[in-house]
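Colleague: A structural model of the following input is requested.
(chains A and B)
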Amino acid sequence: MVRIIVAALMTASLAMSSVWAADPIRVGAYLPMTGNVAAYGQMGWSGITVAREMKPTVLGRPVELKLVDTKSDKVESANAVSRLIEREKVIALIGEMISGNTIAGSDHAERRGIPMVSPTATNPIVTQNKKYIFRVCFIDYDQGRVAAKLAREKLKANTAALIYDISQDYCVGLASFFKKEFLQEGGKIVAETMFKSGDRDFTPQLSSIQAAKPDIIYAPIYYTECALIARQAREMGLDVPILSGDGVQAPELLALGGDAVNDVYFTAHFHKAMIETDLGRQFLARFEKETGKPLDAFSAMGADAYFLLVDAIERAGSPDPAKIRNALVNTKDFPGVTGKISLKEDGNPIKAMVINQVKDGQFEYVTTIHP
Amino acid sequence: MDISFATQQLVFGFTLGCFYGLIAIGYTMVYGVLRLINFAHGDLLMVSAYFAFFGIIIFELPWQISFLLAVALTGVLGILIDRGAYRPLRHSPRISALITAIGISFLLENLALVIVGGRPKSFPLPSLFGGVIKIAGVTIPVLSVWVFFITALLLAAVMYIVRRTRVGMAMRALSLDMETVGLMGVDANRVISFTFVLGSVLAAAGGMMWSMKYPAVEPFMGVLPGLKAFVAAVLGGIGNVAGAALGGFILGVAEILIVAVKPEWSGYRDAIAFCILIVILLTRPRGIMGEELPD
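Modeller: Predicted coordinates:
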C-alpha cells in the first residue's frame, strides 16, 4: 500500500514538474552587471527579481528570466541580445539600463521582432523608428527641458557651464537638450567641456569652468564621474550648485562623493516618497523586506519594466512576440510602481518626473512634475 | 590666460604627471631588466588599492598599517606572478611572455570582478593627505605635494638600487645577457624575483596615491593609469627610469594644458596626448632619454 502511494506521489510530482519545466515563458534581461555603470544593472536586476517573485506566472505558465551581463559595453550589449534571442529563445527582452547600450542592443531585437522594454534608457533615439522597442521612463528631451526650467526658476541661474561624457549617447543628448532650452529661456552657456568614460581627472575642465564663473554647473553624467567631479570642484574652491540628471541616483554617488555632493540637484525617475499606486506600496514593502535595502529608482524602474511586460503578455493572451508588441502599444494607465504608465505609438510613455536633492548623505525628494 | 590660471594648470599638470611618472617607473624598470612589457602593472595597482581598502574598511586597521600591508602583499603577488606565469617562459620567444602578461592582466581584472563585484568602492582619505594649500590664488592639493615627494623619493631609491648596489649591478648585467650572468654565478631567478618585487611595490605605491586622489576603487581602475604609464615610459625611453618620470611629467602637463587652453577639445585629450607620443617617437625613436638598444 505504502509503495503504491509513494509511486503515485512520485508520478504526480514528476508530472507536475514536467508541466512546470515544459513550457515556461522565457524573458531575457541584458543588464550592466559589471563595468562602469554596474550599479544600475545590479539595482535593476534586484528590482526585476523581486517583481518576478510577486508575479511569477503569466497565462498560467511560469516566467523564466535569463540574465546576460553586458559589462556596461555597447558591443557586449549587442551580443547579449542576439544570444538571448538565438540561443535562449526568449520571447521578450528587458534592458538595457543606459541609452548607448540599449541603442546597440535594440537593433537585433527590432530585426527579429522581439519586443523590448528598457527600464531607464532615456535618449530619444532609443525608440526612434523602432516598432518593437519600448521604455518605462521619460525621455531626455523632457528631462533637459525640466532641468533648464529648474535652473532658471528655482536656482535663479543666468549662466551655466556644461560638463559631459562625449562617449555616452545619454550625456551628449541630455546636454544638448538642456542647452537648447536654457538658451531659449534667456540663459547663457559660458563654458562647455567634455570628457570620456573612464577619465578620472577633471581638473582642467573644471578650472576652465571656474574661469568662466557660471551660476550653475549642469553635469548630465553617470554617478562615478559626477562624484569625482564634485570632489575635484569643491577642492579647487568651485562652489556653484551642480545640477544633474537621472544617471546619478546610485548609492555610489553618496559613497564616493561624500560631503562634496551635498546639494546636488537632479531630475529623476523615482523617489519612494512619491509612490501613489497599490502595486508601488506592495512592491516597496516586499523589496525592502527581501533585500534589506531602501527602495531605489533603478530597482523600481526595473520592476516596472517587468510588471508592464507581464501585463502585456497577459493582455496579448499568447506568448507571440508580435501580439505582445501590440498589447504593449495599447498600454493605458497601467498602475506601475513609479506611477501611471501609458505607452504611445512611438514606444515612449507619458510619465511624471521627480526632482531630488542630495542632503546629509541621502537622496531627498523635492517635488514631482507631472507631464 | 592670466598668470595665476596658468600656474594653476601647471600645478594640476604636475600632479597628474607625478602620478603617471610614479606608475611608469615600475613599468620601465621591469622592462629594462627583462625586456618584458609587464601589462599587468596597472592591475597590480588596482589589487594594491583593494588590499589597502580592505585593510582599512573591513579589518579596521590604521591606514599606515594597511598601506604597508598592501605594499607587502602586492610585492608577494609580484613574485607569485613571476613564478607562475613568467618564469616558465623565460627561454621562450619574447612575444609569448608579452601575451602572457596580457593574460595575467585580464586574469587579475576578472578575478577582482568575481571576488568584489563591479561596483566602485570609496577609498578613504587619511586626513594627513587631505586639504589644500592656497598660495596667491593658486590651489595646491596637499596630496599633490605628497605625490611629488614620494615620486622623487622612489625615483631616487630605484636609481640608487640599480646603479649603486650589488643586486642592481646584477640587474643591469641580466638585461644585457641572461645566460652569461648565470654562468658567472649570479642566481638569475632571485634577481628577477627581486625586480618583480620592486616593480610591484612601485605599482602599489602608485595605486594607493592614485586611489586617494581618485577614490573610486573598481576592477578596471588600473587600465587607464597603466596605459598612460606605458606611454610615459615609452616617451621617456623605455628601460630608463629617469626617462619614465620625465615622460610622465610631459604627458601629464600636456594633457592638462590642452584641455585648459582649448576646453572644446577636452574630449580629444587622449588623442592629442597620443599624437605627441607619435611625434616624439618619429623624431626620437628610442624616446627622449632612451639608449641604444642591444638589438
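Colleague: And the longest helix belonging to chain B, what does it pack against?
Modeller: Longest helix in chain B by number of residues (criterion: DSSP state H): helix B:3-34. Helix B:3-34 is packed against helix A:203-212, helix B:41-57, strand B:138-141, helix B:142-164, helix B:166-176, helix B:188-213, helix B:223-236, helix B:241-261, with contacts defined by 3 or more CB pairs under 8 Å, 6 or more residues apart in numbering or on different chains; DSSP states H and E. Glycine gets a C-beta too; all of them are placed from N, C-alpha and C.
Colleague: Ok, which of these comes nearest residue A:154?
Modeller: helix A:203-212 (20.8 Å; CB to CB).
Colleague: now for that closest one, which elements pack on it?
Modeller: By 3+ CB pairs under 8 Å, 6+ apart, helix A:203-212 packs against strand A:159-165, strand A:188-195, helix A:223-235, helix B:3-34, helix B:241-261.
Colleague: For the longest helix of chain B, buried residues please.
Modeller: Of the residues in helix B:3-34, B:5, B:8-34 count as buried by neighbour count, 16 or more other CB atoms under 10 Å in any protein chain shown.
Colleague: Dump the helices and strands packed on helix A:203-212 into JSON lines; add distance to residue B:161 and mean pLDDT as well.
Modeller: Formatted as JSON lines, the helices and strands packed on helix A:203-212 follow (distance: least, CB to CB, whole Å; pLDDT from 0 to 100):
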{"stretch": "strand A:159-165", "distance to residue B:161": "42", "mean pLDDT": "95"}
{"stretch": "strand A:188-195", "distance to residue B:161": "38", "mean pLDDT": "93"}
{"stretch": "helix A:223-235", "distance to residue B:161": "35", "mean pLDDT": "94"}
{"stretch": "helix B:3-34", "distance to residue B:161": "9", "mean pLDDT": "90"}
{"stretch": "helix B:241-261", "distance to residue B:161": "10", "mean pLDDT": "90"}
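Colleague: quick one: which of these is nearest residue A:94?
Modeller: Nearest to residue A:94 among the helices and strands packed on helix A:203-212 is helix A:223-235 (21.3 Å), distances taken as CB to CB.
Colleague: List the buried residues in that closest one.
Modeller: Within helix A:223-235, the residues that qualify as buried are A:223-235, counting by 16+ other CB under 10 Å.
Colleague: quick check, nearest of the residues you listed to residue A:254?
Modeller: residue A:227 (8.0 Å).
Colleague: roughly how far apart are the closest residue to residue B:202 other than its chain neighbours and residue B:159?
Modeller: The shortest distance from residue B:202 to any non-neighbouring residue, by CB to CB, 6 or more residues apart in numbering or on different chains, is to residue B:26 (3.3 Å). From residue B:26 across to residue B:159, the span is 13 Å (CB to CB, to the nearest Å).
Colleague: go on, residue B:78?
Modeller: 20 Å.
Colleague: When these two are compared, which one has more neighbours?
Modeller: For residue B:78 versus residue B:159, neighbours defined as other CB atoms under 10 Å in any protein chain shown are more numerous around residue B:78 (29 against 16).
Colleague: any idea how far residue B:43 is from the more buried one?
Modeller: 11 Å.
Colleague: From the centroid of chain A, which residue is nearest?
Modeller: The centroid of chain A falls nearest to residue A:120 when counting by CA atoms, centre = their mean (2.2 Å).
Colleague: For that residue, give me its contacts.
Modeller: Counting by CB atoms under 8 Å, 6 or more residues apart in numbering or on different chains, residue A:120 touches A:40, A:44, A:97-98, A:135, A:137, A:246, A:269, A:297-298, A:301.
Colleague: make it 10 Å
Modeller: Contacts for residue A:120 (CB atoms under 10 Å, 6 or more residues apart in numbering or on different chains) come out as A:40, A:43-44, A:95-99, A:102, A:135-138, A:170, A:246-247, A:249, A:269-270, A:297-298, A:300-302, A:304-305.
Colleague: That one: helix or strand, and which one exactly?
Modeller: If you go by DSSP states H and E, residue A:120 is not part of any helix or strand.
Colleague: Next, give phi and psi for it.
Modeller: phi -140, psi 20 (degrees, to the nearest 10).
Colleague: Then residue A:198?
Modeller: phi 100, psi -20.
Colleague: What's the per-residue pLDDT of it here?
Modeller: Looking at residue A:198, its pLDDT is 84.
Colleague: Disregarding flanking residues, what is the spatial nearest neighbour of it?
Modeller: residue B:224 (5.4 Å).
Colleague: again, but for residue A:71
Modeller: Looking at residue A:71 with CB to CB, 6+ apart, the closest residue is residue A:35, at 4.5 Å.
Colleague: Touching, the one you found and residue B:219? I think so.
Modeller: Yes. In this structure, residue A:35 is within contact of residue B:219 by CB atoms under 10 Å, at 8.9 Å.
Colleague: just the helices in chain A please.
Modeller: Ranges of helices in chain A, per DSSP H, are A:2-22, A:38-54, A:74-86, A:99-112, A:140-149, A:169-184, A:203-212, A:223-235, A:251-257, A:278-291, A:297-316, A:321-329.
Colleague: Could you tell me the least trusted of those?
Modeller: helix A:2-22 - the lowest mean pLDDT of the helices of chain A, at a mean of 54.
Colleague: follow-up on the earlier one: what is in contact with residue B:78 and residue B:43 at once?
Modeller: residue B:203.
Colleague: How about the residues of the stretch 51-200 of chain B by chain A?
Modeller: Proximity of the stretch 51-200 of chain B to chain A, by CB under 10 Å from any CB of the partner chain, involves residues B:109-110, B:113-114, B:117-125, B:130-132, B:134, B:137-139, B:141-143.
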